[in-house]
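Chemist: What follows is a predicted protein model with its sequence.
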Amino acid sequence: MPEPLRVVRIIARLNVGGPSLQVILLDGRLRERGWDSLLVHGQVSTGEASLEEAARRRGVNRRVLPELGRRIHLWSDAVAFVRLLGLLRRVKPDVVHTHTAKAGTLGRVAAAVYNASRLRERRCFVVHTFHGHVLDGYFGPTTSQLVRMTERGLAHLSDCVIALSERQREDLVSRYRIAPADAVALVPLGLELTPFLELPARAAARAAFGVPQEAVVIAFVGRLVPVKQPLALLDAFAIVSAECPGARLLVIGDGELRQSMEEAIRRHDLTERVILLGWRSDLQSVYSATDIVALTSRNEGTPVALIEAMAAGTPVVATAVGGVPDLIVDGVNGLLVPVNDTRAMAEALTRLIRAPEERDRLGRAGRAYVMTRYGADRLAVDLDRLYRLGLQQKRGRRGLELAE
């Protein structure tokens, strides 16, 4: 029996979010398809919720490099690079797959140095996934331009970059010119969605969260950070609340804007109508208690929270940014609003609060859409094929059969 092919997957940290969730879910599925997988990650920052325990429970084969964190620090980053390069030389991977901006930088440079010392038939295939991107919306104009220039350089060190949606692929190829079209693969997210098909009892879930049984409940699920714009949702909900006093808002998540959220809730006199729940692991209960899920981001890849909400049959209202319009067709399986348009967000939420039949229709359509397109097994098949075909081209030989 031939030895398993080796893939080293590198991510900055296993914080709560789509990138971490995907790399954890993939571990077992890649092993089932003949891959010896090693996940390398740093530590979460202070105040961040972690998925490391979830990785441990799943038996993920992983290596922690404490220096490989989110924040840029010259000395720590240099140490992380040296340790990554040493790890690659010991493991001798067939594939190096990086995720997130900082890990993508250090990991791809380390892979390039590693490959420079190897014969062609022993070099690794280097791939990077853009989970969203920091090309726009995170920094000021000058820094954003520097980030784009850096990513163009890193693309030259990559054999392939992965976009999660067609619009994101268009961003990488045409809008920001990060990589040529033939070097950008479209591989949508894959998640474990079956747990969201059967939800706990609605009455019990609402009682646990302190929500009135008769209320129409809106939920926000995500990090409380500027790019997600949760304060914009509070502004919209203040308008909604004036017209629909029975509405309630659940905020699931935490982050640097927590204190600002608390201050805005008091300023809008919404203390009795907004509940900050922090991070929750019982998302099935959250969606059971919820009538509408809202997303106000100014930049997104493919939001995990929306996919999970749609799988649960919960209608969604979201800003039309990044890969969101590839997920939601306005009026068909959700509602889209322009970014930074508080009034439009408020009007869309009010519309659904007053139209339970439309909520039901959008919820059913959303579930049908994501269940056929965003499964974890489909993702494993897509990546297995990409890795093997990429290795054939990289090493200039055939014989890497696709797993069934």
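Modeler: On my side now, so go ahead. Numbers count the residues shown, from 1 in each chain.
Chemist: Would you mind checking which helix or strand in the protein has the lowest mean pLDDT?
Modeler: Across the helices and strands of the chain, mean pLDDT, DSSP states H and E gives its lowest value to helix 141-156, namely a mean of 89.
Chemist: Does anything pack onto the helix or strand following it? Which helices or strands?
Modeler: Where DSSP states H and E defines the elements, the next helix or strand beyond helix 141-156 is strand 160-163. Using 3 or more CB pairs under 8 Å, 6 or more residues apart in numbering; DSSP states H and E as the contact criterion, the elements in contact with strand 160-163 are strand 125-130, strand 184-186, helix 376-395. No exception for glycine: its C-beta is placed from N, CA and C like everyone else's.
Chemist: about what we covered before: list the buried ones in the least confident helix or strand of the chain?
Modeler: When burial is assessed from 16 or more other CB atoms under 10 Å, helix 141-156 yields the following buried residues: 144, 147-148, 151, 154-155.
Chemist: Distance from the chain centre to it, please.
Modeler: 21 Å (CA atoms, centre = their mean, to the nearest Å).
Chemist: how about the strands in this protein?
Modeler: Residue ranges of the strands in the chain, as given by DSSP state E, are 5-13, 35-42, 62-64, 95-99, 125-130, 160-163, 184-186, 216-221, 247-252, 274-278, 292-295, 316-319, 335-337.
Chemist: Run me through the strand neighbours of the longest one, direction for each.
Modeler: When pairs are called by DSSP bridges, strand 5-13 turns out to pair with strand 35-42 (parallel), strand 95-99 (parallel).
Chemist: any idea of the mean pLDDT for that strand?
Modeler: Looking at strand 5-13 alone, the average pLDDT works out to 97.
Chemist: for the closest residue to E300 other than its chain neighbours, phi and psi?
Modeler: Taking CB to CB, 6 or more residues apart in numbering as the measure, E300 lies nearest to G322, with 3.9 Å between them; neighbours along the chain are not counted. The phi and psi values for G322, taken as degrees, to the nearest 10, are phi 50, psi -130.
Chemist: wait, what's in contact with G322?
Modeler: For G322, the contacting residues are 132, 165, 167-168, 171, 297, 299-302, by CB atoms under 8 Å, 6 or more residues apart in numbering.
Chemist: Farthest pair within those residues?
Modeler: D171 and S297 (14.7 Å; CB to CB).
Chemist: on that earlier part again, among the helices and strands packed on strand 160-163, which comes closest to F209?
Modeler: Ranking those by distance to F209, with CB to CB as the measure, places helix 376-395 first at 28.0 Å.
Chemist: which parts of the closest one are buried?
Modeler: Applying a neighbour-count criterion of 16+ other CB under 10 Å, one finds 376, 379-384, 386-388, 390-391, 394-395 buried in helix 376-395.
Chemist: Can you list which of the contacts of G322 are found in helices?
Modeler: Taking DSSP state H, the ones among the contacts of G322 that sit in helices are 167-168.
Chemist: Nearest to F196 among the contacts of G322?
Modeler: Within the contacts of G322, proximity to F196 (CB to CB) peaks at T302, which comes in at 16.2 Å.
Chemist: Could you tell me which residues make contact with that closest one?
Modeler: Neighbour list for T302: 18, 164-165, 168, 188-189, 322-324, 326-327 [criterion: CB under 8 Å, 6+ apart].
Chemist: hmm, try it at 7 Å
Modeler: Applying CB atoms under 7 Å, 6 or more residues apart in numbering, we find T302 in contact with 164-165, 188-189, 323, 327.
Chemist: Alright, calling it a day.
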